[in-house]
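S.K.: next input, structure requested:
(2 chains)
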Amino acid sequence: MEYDIETFALTKNFGDIVAVDNLDVQVKTGTIFGLIGPDGAGKTTTMRMLTSLISPDSGTGKIGGNDIIEMAEKIKLDIGYMPQKFSLYEDLTVLENLIFYADIYQVPKKEREEKIEYLLKFSNLTDHTYKLAGQLSGGMKQKLALSCNLIHTPKYLFLDEPTIGVDPVARRELWKILFELRDEGATIFVSTPYMDEAERCDEVGLMNKGRIVKKNTPQKVVEEFEKHIIEVHSKENYKAKEFCSRLDYIEDVYLLGEELHIVVDDYETKKEEIIKDFKENNIDLISIERVNPSFEDVFVYIVNNEQDRL
Amino acid sequence: MKFNIKRVIAVIRKEFFQIRRDKRTIAIILLMPIMQLFMFGYVASTSVDHISTVVFNNDIGTESRDLLESFTNSQYFDINYSAYSMDEVQMYVDDGYAKAGIIIPPEYSENIKSGETAQVQLIVDGSDPTTAQTILSSAGGVIQSKSVKIVTENYGVIMPQPLDLRSRVWYNPEMSSVNFNVPGLIGVILQTVTLMLTSFSIVREREKGTMEQLIVTPISKMELMVGKIIPYVIIGFVDIILAIGLSVFWFKVPIAGSITLLLFFSIIFLFCALGIGLVISTVSRSQLQAMQLSMFLIMPNILLSGYMFPVEAMPRSIQGISQFLPLTHFIKVLRGIILKGVGFSSLKNEFLILSLFAIAILSFATFKFEKKVD
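M.R.: Predicted structure coming up:
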């Protein structure tokens, strides 16, 4: 299998803080790779190094076989990068922004008109062509940002939390666009804090404290999870959570919506103990059952566990 | 380094779109030169006349009234107050009603008639040296010519003068301070406006985050810098025309030399001023910082460039500093062309210095600019 995006012991420190720590990651050609991790995990820093917005302290990476340090300017012809914060000109219209980037990327005049028309349609912005970018809604802004990054048909696309502050409908649309792009052969490197989005990626890397702690397809990540998840309903969620966190045989406990999720090594043996302990301590218990671990369960467990270990 | 003119044009167009929609920038471009020209043109006038004067006349003869008339006729003195004691004179000067006091002793008329030396006392408020200087020299002039007249009238002879100084004032014969100030002011305005505008140009993109998107594109440093400079060269040029137009048609400052040469030098100076602005913009972390840095630079430029005080009168070390300010040389050029009407051959040194400065500062700005976010 060929890798389009690779890093080799990529490292970046900010003062005493290690933002990215000897990172080695590979992304296969024509796939969507999701970088998942809590705030401060180093996702943005990784992306900024790959797009040569900042220089790594040590290590390097390759995009399409070109070194990200030595060949930075050559790589820029083939990449698109959408920063977390809206980075287009708010005082330019939608069309002016698109034309500006078409000029910068030197998209030939013939292709340009077609491409702009296509992108406007594709991102549902045709009706807003002459609106100032600053007047667009959050979702429209993101779609415009993506469009500007697609004007030169990049082979490698980097998206830093592209759906933050975007409504669910627009999120769906954005992902539809990403799937289309992948199917056309683009390699997409996306970071997201949303678990449902993580599950849409071809492969995910769970990032924590500057390192990728797990990397696989979302299905495999869940399948390989060896722990059991017990879902507990209680009227006293917070009290129950507090109580569980003091029990030795419970590896992890957290609230997922209205339910309490408890991580144990074996459901059958631990279930009885939980019921017994709840009763003895007068903690309300409505139901207790085993559930299949979701992607989110695995993510939360890994992140929490890492934090305990470090 | 690769350089593609189409990318540069894209940046220029983008800058103009943005300027067109930014009222604050348009105000700086159009109103600031007009405001500064009017403010400095009128307020910073150093010609002093019609000085408010208090008179304490102890004499009752016609000779003293004659003398006072000579003072009034000179246009330099306005006798606004009459005092009846020294204390009163002091009060008028202390309270700022009068800048000068003329005291005539009781025996004045007697002395003139009898051919003795008559004394007149002049009190000068010396707190403002410029005004004091004018009072002293113009009073001296009044007394001098009055003395000659008295001798002529009393003795019927024309007093022979062993020395006769014939002065001719060149370039600005009326010694109008507007004629002197306005050319220098054009330089100051150009410096201020371009510095303010360009000092924001890069740092605003950094602050707003638009730089992040621009950096990941294949645009080169050179392309970006040139694209950023050219719009402001055009704007600066508009401001020069505006400032020169106002000077000629409003302030009636005649331009003795070639306007083409003036515009040519203005463009070279523009590149210097823009370069300074770009350096500020690349080293600043925020627009606020850029603003503070520009303010920090504008002050010494006004004070040390020879616009307000002659460079020759400054201490040696300060003179050295002022030689590093392109404005110092540009003001020399402006005064040379507008007031003296000199040609290129007299300005070769300034041409060399300004060109070198422009090249150096623009290269430095490009060198300092990094296609990185930190």
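S.K.: quick one: the helices in the stretch 201-350 of chain B?
M.R.: Taking DSSP state H, counting those that start in this stretch as the test, the helices found in the stretch 201-350 of chain B are B:210-215, B:221-249, B:259-283, B:287-304, B:316-323, B:326-335, B:348-368.
S.K.: not counting sequence-adjacent ones, nearest residue to the closest residue to chain A within chain B?
M.R.: Using CB to the nearest CB, the closest approach of chain B to chain A is made by B:Ala10 at 3.3 Å. The way it works is simple: take the backbone N, C-alpha and C, and place the C-beta from them, glycine included. With CB to CB, 6 or more residues apart in numbering or on different chains as the measure, A:Asp103 is the residue that lies nearest to B:Ala10, at 3.3 Å, once sequence neighbours are left out.
S.K.: so which other helices or strands are in contact with the helix or strand that contains the one you found?
M.R.: Take DSSP states H and E as the rule and A:Asp103 turns out to sit in helix A:94-104. Secondary-structure packing of helix A:94-104 (3 or more CB pairs under 8 Å, 6 or more residues apart in numbering or on different chains; DSSP states H and E): helix A:109-122, helix A:138-150, helix B:5-20.
S.K.: deepest of these, which one?
M.R.: Sort those by mean neighbour count, taking mean count of other CB atoms under 10 Å in any protein chain shown, and helix A:138-150 sits at the top with a mean of 23.
S.K.: contact partners of that one?
M.R.: Contacts made with helix A:138-150 from outside it, assessed by CB atoms under 8 Å, 6 or more residues apart in numbering or on different chains, are listed as A:80-82, A:86-88, A:94, A:97-98, A:101, A:119-120, A:122-125, A:128, A:133, A:136, A:157, A:159, A:162-163, A:165-167, A:169-171, A:173-174, A:177, A:181, B:213.
S.K.: that one to helix A:94-104, inter-axis angle?
M.R.: For helix A:138-150 and helix A:94-104, the angle between their directions (axes from the mean of the first three to the mean of the last three CA atoms, to 10 degrees) works out to 20 degrees.
S.K.: give the next helix or strand downstream of helix A:138-150.
M.R.: Taking DSSP H and E, what comes next after helix A:138-150 is strand A:156-160.
S.K.: could you give the mean pLDDT of that next one?
M.R.: Per-residue pLDDT values across strand A:156-160 average out to 96.
S.K.: for it, what is the distance to the chain centroid?
M.R.: Relative to the centre of its chain, strand A:156-160 is centred 11 Å away, using CA atoms, centre = their mean, to the nearest Å.
S.K.: for stretch A:133-145, same thing?
M.R.: Between the mean C-alpha location of stretch A:133-145 and the chain-wide mean there is a distance of 20 Å, by CA atoms, centre = their mean.
S.K.: same deal with stretch B:300-319?
M.R.: With CA atoms, centre = their mean as the basis, stretch B:300-319 stands 12 Å off its chain's centre.
S.K.: that one: which residues count as buried?
M.R.: Using 16 or more other CB atoms under 10 Å in any protein chain shown as the test for burial, stretch B:300-319 gives B:301-302, B:304-307, B:311, B:314.
S.K.: please apply the same query to stretch B:335-350.
M.R.: Neighbour counts using 16+ other CB under 10 Å place B:335-339, B:342, B:347, B:350 of stretch B:335-350 among the buried residues.
S.K.: those helices in chain A, which residues are they?
M.R.: Secondary structure of chain A by DSSP state H: the helices cover A:43-50, A:72-75, A:94-104, A:109-122, A:138-150, A:168-183, A:195-198, A:218-223, A:237-244, A:267-280, A:295-309.
S.K.: the third one relative to helix A:109-122, how many degrees between them?
M.R.: What that stands for is helix A:94-104. Going by the same axes, to 10 degrees, helix A:94-104 makes 140 degrees with helix A:109-122.
S.K.: give me the contact status of stretch A:159-177 with chain B.
M.R.: No - taking CB under 8 Å from any CB of the partner chain as the criterion, stretch A:159-177 and chain B are apart, separated by no less than 9.8 Å.
S.K.: could you report the pLDDT at residue 280?
M.R.: Here I'm looking at chain A. Confidence per residue is given as pLDDT, and for A:Glu280 that number is 89.
S.K.: my bad, the chain I had in mind was chain B
M.R.: Per-residue confidence (pLDDT) for B:Ile280: 95.
S.K.: what's the neighbour count on it?
M.R.: Using other CB atoms under 10 Å in any protein chain shown, B:Ile280 is surrounded by 26 other residues.
S.K.: now it. Nearest residue, chain neighbours left out?
M.R.: If you skip the residues right next to it in sequence, B:Ile280 has B:Ser199 as its closest partner in space, 4.2 Å away by CB to CB, 6+ apart.
S.K.: what angle do helix B:326-335 and the host helix or strand of that neighbour make with each other?
M.R.: In this structure, B:Ser199 is located in helix B:177-208 according to DSSP H and E. Here the directions of helix B:177-208 and helix B:326-335 differ by 140 degrees (the same axes, to 10 degrees).
S.K.: among the helices of chain A, which is the most enclosed?
M.R.: Scoring these by mean neighbour count under mean count of other CB under 10 Å gives helix A:43-50 as the most buried, with a mean of 25.
S.K.: tell me the angle of that one relative to strand A:156-160?
M.R.: Put simply, helix A:43-50 runs at 150 degrees to strand A:156-160, going by the same axes, to 10 degrees.
S.K.: ok, residues contacting helix A:43-50?
M.R.: Around helix A:43-50, the neighbours that count as contacts under CB under 8 Å, 6+ apart are A:5, A:7, A:10, A:12, A:19-20, A:23, A:25, A:35, A:37, A:54-56, A:61, A:63, A:68, A:81, A:84, A:158, A:160-161, A:189, A:191, A:207, A:210, B:373.
S.K.: which ones are touching the residue of chain A at minimum distance from chain B?
M.R.: Closest approach between chain A and chain B, counting by CB to the nearest CB: A:Asp103, at 3.3 Å. Going by CB under 8 Å, 6+ apart, A:Asp103 touches B:6-7, B:9-10, B:13.
S.K.: go again with 7 Å.
M.R.: B:6-7, B:10 (CB atoms under 7 Å, 6 or more residues apart in numbering or on different chains).
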